[in-house]
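> I'd like to go over a predicted model; first the sequence, then the structure.
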Amino acid sequence: MRHFWHILLLFSAILISCEKKTTSETSSDARVNTFTFYPDTLNPGLTAATYKIEHSSDTGRIYCTDSLRFGTRLDSVVPYVTYKATPGSATFYLPDTTIVSTGIDTMNFNQSPIYLHVKSSDLNHEQWYKFDIYVHTADPELYYWEQLTDHIFAPQNCETKAFLWKDDLILFVNNGLSTALYQSHDGKNWTNTASQIRTLPTPCYVRDIVQHNDTLYYIDGGFLYSSTDLLTWDQQDYRAAAARPVTMLLSYHNMPWCVVQDTASQQLMLATIQAGTIYPQANIAGTTQGYLPATFPLSEFAALSFETSSERPRAMIVGGRTITGEVTNARWNLEYDPIASTYRLKNFSISQPKFDSLTGASIIQYNGHLVMFGGINNDLTWRSDILYSDDEGMNWYQPDTTKNVLPAAYDRNRHSQTVLVDTAANIYIIGGQSNTKSFSDVYRGYLNSAKWK
């Protein structure tokens, strides 16, 4: 027996070792590690959201960093929870029921409050969590509109142009005899400072006024007008210059741009204004020594300066009337090429011809696409629909009309209204004209998702 004693001792040691290895270990950690929901192909908003966990000595919190997308259903969902350690138990407490978790439990998360109680595997520790899971109640693709005022001034046959000026809205009005200036901080209440404006000609085609930073520019009769206080306008005489200014164009690439006429050739050119001096641009790719084609518009066009998806500044001039008064469907695009250090001008309507001729439209960049309001087609029909472009002006389409509905008081048969976008993602539509009257109403709107940060 002694001979086999050492064998018995070794066998006993092996048995003890095996017993220790098969014995399950316990933990005192009752914390949740991650939370989400099981994927649901009919409910993609569930897993697209980001969920966070806050641990607390009393009741922690499990929540989504932003409300789930509009239309996400929570009435029949399966939560997916992982834990810091295997729990002894996990129990969901809903207002109408208690569910001991199996890991694949279908629940109604539309209820509130909902709690999760976790016990550690050693059954000596516990952790409570409260769920804060919400769904957006507003459609992110829906626009909200309101009328701020039904009139700023008594309706009459006049031309209007509005601007965002520092913290205010301003509106220039010309009736062919004088220019008035109205100013508002909220778009509802307006003050008339008309009697203080000096130097502007009469009549003044206020639609041609261009804002560049804190300076306004206007061209008429070979004179260049500029103002930094809205009321006093400096006047420079270019009537005898080799390049006579014809009209302002827009603010682009940190400079005001205009159109000038070469007095020798009578041809049109683009020009910039720097430190009050006009500089014709003869080295623009797409032109012949800087001369513009006869189809380039001089009036009633829509102009917009914006940043492309490749983060390049671009200017776009749409529609309008040429020097001969002909209505055009041109979509001119001016872009700066930093590699070649030059500007390029191209007419998109040549490669994408399906576009009506129009005058008096207004275009803004909003929420990643271009939006066009109003205007008159070449056959004198009103463009009452709102058009979108997702490819920076190449193609335009009419979106879901149920998503962007202007108030019933808004007369859609108008042109030459001013459309502005402020830093708070609000859109303002101000004034405009029809074939029978002028408008001086103000509307403010925004896309729901543009306000969600």
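Received the coordinates, thanks.
> can you get me a residue count around the nearest residue to residue 193 once chain neighbours are set aside?
Distances taken as CB to CB, 6 or more residues apart in numbering put residue 181 closest to residue 193, at 4.9 Å, once the chain neighbours are dropped. All C-beta spots, glycine's among them, are computed from the backbone N, C-alpha and C. Residues lying near residue 181 (other CB atoms under 10 Å) number 19.
> list of residues touching the helix or strand in which residue 181 is found?
Assessed by DSSP states H and E, residue 181 sits inside strand 179-184. Applying CB atoms under 8 Å, 6 or more residues apart in numbering, the contact partners of strand 179-184 are 152-153, 165, 168-174, 190-194, 196-197, 200, 202, 204, 206, 230-231, 442.
> with stretch 438-446 instead?
143-153, 155-160, 169, 171, 173, 184, 187-188, 406-407, 409-411, 414, 417, 425-433.
> among these, which ones are buried?
Neighbour counting over those (16 or more other CB atoms under 10 Å) leaves 143, 147-149, 152-153, 158-160, 169, 171, 173, 184, 187, 406, 410, 414, 417, 427-433 as the buried ones.
> now do the helices in the protein.
5-22, 45-48, 348-351 (DSSP state H).
> just the buried ones among the contacts of stretch 438-446: which are in strands?
Of the positions in the buried ones among the contacts of stretch 438-446, 143, 147-149, 159-160, 169, 171, 173, 184, 427-433 sit in strands, assigned by DSSP state E.
> hmm, back to that, ok, the strand holding residue 181: who's next to it in the sheet?
Counting by DSSP bridges, the strands paired with strand 179-184 are strand 168-174 (antiparallel), strand 190-192 (antiparallel).
> burial measure for residue 32, as a count.
Burial of residue 32 is recorded as 19 neighbouring residues (other CB under 10 Å).
> look at it and report its pLDDT.
Per-residue confidence (pLDDT) for residue 32: 97.
> likewise the one 3 residues further on?
On pLDDT, residue 35 comes in at 97.
> run through the chain and note the low-pLDDT ranges.
For the chain, applying pLDDT under 70 flags the ranges 1-24, 194-195, 353-354, 378-382, 453.
> okay, now the domains of it?
As assigned by automatic domain parsing, the chain contains the domains 32-132, 143-451.
> contacting residues for the spatially most central residue of the chain?
Nearest to the geometric centre of the chain sits residue 367, at 2.4 Å (CA atoms, centre = their mean). Shown in contact with residue 367 (CB under 8 Å, 6+ apart): 425, 447, 449-450.
> for residue 302, see how far away it is.
The gap separating residue 367 from residue 302 is 18 Å, by CB to CB, to the nearest Å.
> now do residue 352
Residue 352 sits 16 Å away from residue 302, going by CB to CB.
> and those two? Which one has more around it.
residue 302 (25 against 14).
> just grab the bridge partners of that one for me.
Under DSSP bridges, the beta-bridge partners of residue 302 are residue 318.
> which residues does it contact?
Residue 302 touches 317-320, 360-363, 372, 375, counting by CB under 8 Å, 6+ apart.
> residue 320 against residue 300, yeah?
Yes: assessed by CB atoms under 8 Å, residue 320 is found in contact with residue 300 at 4.8 Å.
> next, the buried residues of stretch 240-251.
241, 243-251.
> circling back to that earlier point, need the overlap of contacts for residue 320 and residue 300.
residue 359.
> which one of the two is surrounded by more residues?
The neighbour comparison of residue 320 against residue 300 (other CB under 10 Å) goes to residue 320, with 25 against 22.
> can you tell me how far the more buried one is from residue 260?
Residue 320 is 17 Å from residue 260, by CB to CB.
> count of neighbours near the closest residue in space to residue 366 that isn't next to it in sequence?
Nearest non-adjacent residue to residue 366, counting by CB to CB, 6+ apart: residue 421, 5.8 Å away. Applying other CB under 10 Å, we find 17 residues neighbouring residue 421.
> quick one: the strands in the stretch 101-250 of the chain?
115-119, 126-132, 143-149, 159-165, 168-174, 179-184, 190-192, 210-212, 215-220, 223-227, 234-237, 243-252 (DSSP state E, counting those that start in this stretch).
> could you do the stretch 251-400 of the chain as well?
255-262, 268-274, 277-280, 302-307, 313-318, 331-337, 342-347, 358-359, 362-366, 369-373, 376-377, 387-389.
> of these, which is nearest residue 136?
Residue 136 lies closest, by CB to CB, to one member of these: strand 362-366, at 19.7 Å.
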